[in-house]
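Fold the following.
(2 chains)
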Amino acid sequence: MSSRLTRSKPWAVAAVGVTAAITVAACGGGGGGGSSSNTASAPGITATTVSIGSTQPLTGPAAPGYSEIAPASNAYFQYVNAHGGVFGRQIKYTYLDDGYNPTNTASQTRKLVLQDNVYAVFSALGTPTHLGVVDYLNSQNVPDLLVSSGCNCWNNVAQHPYTFGYQPAYTIEGKLLGRYVSQAYPGMKVAYFAQGPGDEFGDDGIAGLNDELASSNVTVVNPPQYYAPTAAGAMGVKAEMATLQGEGVQVVICFSIPAFTATALASAASINYHPVFVVSNVGSDPPTLTGILTGGSLGVALPAALIGGMVSDAYLPLVSDSSNPWITLFKSIKNQYASSLPWDGNVLYGFAQAYTFVQALHAAGQNPSRLDIVHALENSHFTDGPGLTPFGYSSSSHLGYTGVEIVKTGADGTETAIGPLSTTDNSATGTINAYSGAPATPPSNGIPSD
Amino acid sequence: MRSALARRVAFFVGLAALLVIVTYQVDAFTNYNIAGIAIFATAAAGLTVLTGINGQLSLGHGALMAVGAYTTSLLLKQRPDLPLILTLVTAIVTTGAAGAVVGAAAARLRGPYLAGATLALAVAVPQIPIHFANIFGGNQGLSVPPPIPPKALGSNFPNERWLAWIALAAALLTLFLLANLVRSSTGRKLRAVYDNEVAAQLAGMDVARTQVLAFVISAACAGLAGALFAYWVGITAPTGFTLALSLQLLSAIVIGGLGSLFGAVLGAYVVVYIPVFTSTVATNLNLSTDIANNLPLAIYGVVLIVAMLAFPSGIQGGLATAGRWSLQRFPVLRFARQRLTGPESITHATK
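Below is the predicted model of the structure:
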């Protein structure tokens, strides 16, 4: 497969060869930064530009919230470009709308690779959408970096050597939330509220929770209460909350998207049911939840204070923590380059992801091939970035962030860290370890360098 | 009659040869889109027989494509090395059978009730794989390996061109068979039922049976298209078969020209290429994100509205009108056409 591609593009071979020769001659094969000149070292890379692309739900059911991610990343890239780019190259970021429909993802991804000739695909969003193109991207040797989904499926180095996850796999989140629940609420009745059945978000999360809770001192009420992420599914949530109330469940652990977390909070409150809600990171962003609750999209405008007391987890600095240097940095860039975007978890996600990409691009060297950025990721855990824990990247693992800390949301939407920062892997046997690495501070100009 | 058939065979063979040449001239992304057009044309041609010729409205053809796609994907999940032809034929048979069941119910329904029932199909079918996730893969869907070009074509043969060939072969074969069908006695029956059910019944036709037959034929086409669709997209997941897909097929046959197979092909071209075109336009204008995100959809809507207003009988109808007008204005064209195709009118023949 790879030989076919290379043979059909002799200039690419020539370019790589020339690059290698120049790099070796000029800087002794070092990781860039030498005095040699920029070359068109790979498809999508010229002496002055790096083209990358993405497929995102800019319209359609997943657009609210998620449509902010790519513009946020782009704002960071514009900031980097305005300050000289990476090795003098301007980052050109093309993100196309797939409406969260795999059919569109398939054709938009081919447009990025075949027509726009991107160096790498970055931050492609969604499990069913991106799963359809992951074979294609790998068969074309296109780096498929920092996929925006917590599916375990991105970590498959043997079949998909070019694909890297980004956020903690849902199983990792499930294990760490489960560990916290067993320690903080011993002896209590616990139930799951999850997307599914047959949805990797809910299933992977529950698998992680069960790893920790099945033989713990809490009682897990089975079966889980599942919801389908549709309008009809939303109508069933109230009955599910009533069931849990009837069972006397005291802790409800949610692997739900924001609209359904809000529906669950509102439904429970409406029947005077007040358990502790423990919510996966994906469905717990306070500004997003507040917007849904107060905006009237659930039928009536509800008080934002419903999110008060919610327990969740975080792998990035907290959105509301204005004393954190990463938050100050990203917020000021956002105000300058994308002032129309709100400041919420999705925007932070887009910024942090873009930062990691720039780190990787730097690490790949001055004139990188496509494989160079793959190796750069495999050789670093990027602990000097905004993440709270290291990435799990190595030559045998493409897991994204390996851990989270536990946080609690106040009635005013402010999150505070309440639990340990720990790391683990996505296997049932992987141990949970406390992580004590010191948080990094951003470089003074806000751009990673080597 | 025999010479008409021979002419048709010659036409399709010539067209196939021409298209093969085209696939060598264009880039990989265009080949990928050609495959898409061929797939949509296959489904739209089937829908044309049902809706445009037999008069049964279906808002549920996306669901029938899902049946074909899931049949193929499930087969490939068990046996990834299964020959393409076998998965396609199985998808056609399975979906045809599903079409028979739906058709039996549909034959009792008229107008808005038929629309409602097929609409329910479009909404309900994507829920089945979510409910029976252990079989159908749930929301995550089933991955489909790409069809690998045979070694005889050489190791440099691009996947996209091979996919285009497969889809074009399926579309041309479908169009050829349907073109023969609509000119046969069965075709006349299908049309007679559309024109006047009572008259058709008085003439000795079994109306319900004709309607079920139309549904089976149409579903078989949707099944074939669905199977190819699975290979084209690379994954079969419920989010790929929303109501929007059914409506896209319906807009294809209406824009192209209701009741015309050539119109179905034109319509397929429009629905595949407009999104590609609009997203290029939107990315090239530097707009604020909210507008840029929604601009492609807005352009799509405007194009549909303008097409409906400008060509009330579809693009094919518009072309036919333009053709007749120029034949009247320029007698030399009429003469030339008679020399080329014989006295039978082109527009009549393709109708």
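
Let me know the distance separating residue A:213 from residue A:220.
Shown here: residue A:213 relative to residue A:220, a distance of 5 Å by C-beta to C-beta, to the nearest Å. All C-beta atoms are positioned from the backbone trio N, CA, C, and that covers glycine.

same thing with residue A:400?
Relative to residue A:220, residue A:400 is positioned 27 Å away (C-beta to C-beta).

Who has more neighbours out of these two?
Neighbour tally, residue A:400 and residue A:220, criterion other C-beta atoms under 10 Å in any protein chain shown: the higher count belongs to residue A:400, 27 against 20.

Make sure the more buried one is actually in contact with residue A:390.
No. Residue A:400 lies out of contact with residue A:390 (C-beta atoms under 8 Å); the separation is 10.2 Å.

residues near the residue in the stretch 51-200 of chain B positioned nearest to chain A, how many?
Of all residues in the stretch 51-200 of chain B, the one sitting closest to chain A is residue B:133 (1.9 Å; C-beta to the nearest C-beta). Counted with other C-beta under 10 Å, the neighbours of residue B:133 add up to 17.

Then residue A:44?
Every residue meeting other C-beta under 10 Å relative to residue A:44 is counted, giving 22.

for residue A:72, same thing?
With other C-beta under 10 Å as criterion, residue A:72 counts 27.

got the contact list for it?
The contact partners of residue A:72, by C-beta atoms under 8 Å, 6 or more residues apart in numbering or on different chains, come to A:334, A:338, A:341, A:346, A:347, A:348, A:349, A:350, A:351, A:354.

check which helix or strand covers it.
With elements delineated by DSSP states H and E, residue A:72 resides in helix A:69-82, which encompasses its position.

Could you list the buried residues of that helix?
Neighbour counts using 16 or more other C-beta atoms under 10 Å in any protein chain shown place A:69-81 of helix A:69-82 among the buried residues.

How about stretch B:323-331?
Applying a neighbour-count criterion of 16+ other C-beta under 10 Å, one finds residue B:327 buried in stretch B:323-331.

How is residue 187 classified with respect to secondary structure?
Reading this off chain A. Local secondary structure at residue A:187 is given as coil here, using DSSP: H, G, I helix; E, B strand; the rest coil.

Quick one: the helices in the stretch 251-351 of chain B, in order.
Under the criterion DSSP state H, counting those that start in this stretch, helices of the stretch 251-351 of chain B are mapped to B:261-284, B:289-310, B:314-329, B:331-341, B:346-350.

And the stretch 1-150 of chain B, by the same measure?
With helices called from DSSP H, counting those that start in this stretch, the stretch 1-150 of chain B shows them at B:2-25, B:28-47, B:61-78, B:84-106, B:111-124, B:127-131, B:133-136.

repeat for the stretch 1-150 of chain A
With DSSP H, counting those that start in this stretch, the ranges of helices along the stretch 1-150 of chain A come out as A:2-8, A:10-27, A:63-66, A:69-82, A:102-110, A:127-139.

Give the rounded mean pLDDT of the helix or strand encompassing residue A:241.
Take DSSP H and E as the rule and residue A:241 turns out to sit in helix A:237-247. Per-residue pLDDT values across helix A:237-247 average out to 96.

Return the list of helices and strands in contact with it.
Under the contact criterion of 3 or more C-beta pairs under 8 Å, 6 or more residues apart in numbering or on different chains; DSSP states H and E, the helices and strands touching helix A:237-247 comprise strand A:189-195, strand A:219-227, helix A:258-270.

okay, these in CSV with distance to chain B and mean pLDDT next?
What follows is those, written out as CSV (distance: least, C-beta to the nearest C-beta, whole Å; pLDDT from 0 to 100):
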stretch, distance to chain B, mean pLDDT
strand A:189-195, 8, 95
strand A:219-227, 10, 93
helix A:258-270, 14, 94
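
These: which one's closest to residue A:138?
Taking C-beta to C-beta as the criterion, residue A:138 comes closest to strand A:189-195 out of the helices and strands packed on helix A:237-247, the separation being 27.1 Å.

Please export the C-alpha coordinates of that closest one as PDB.
Provided in PDB are the C-alpha atoms of strand A:189-195 (Å, rounded to 0.1, in the frame of the first residue of the first chain):
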ATOM      1  CA  LYS A 189     -26.300   2.800  46.300                       C
ATOM      2  CA  VAL A 190     -24.800   3.800  42.900                       C
ATOM      3  CA  ALA A 191     -26.400   3.600  39.400                       C
ATOM      4  CA  TYR A 192     -25.200   4.500  35.900                       C
ATOM      5  CA  PHE A 193     -27.000   6.800  33.500                       C
ATOM      6  CA  ALA A 194     -25.300   6.300  30.100                       C
ATOM      7  CA  GLN A 195     -25.600   6.800  26.300                       C
END
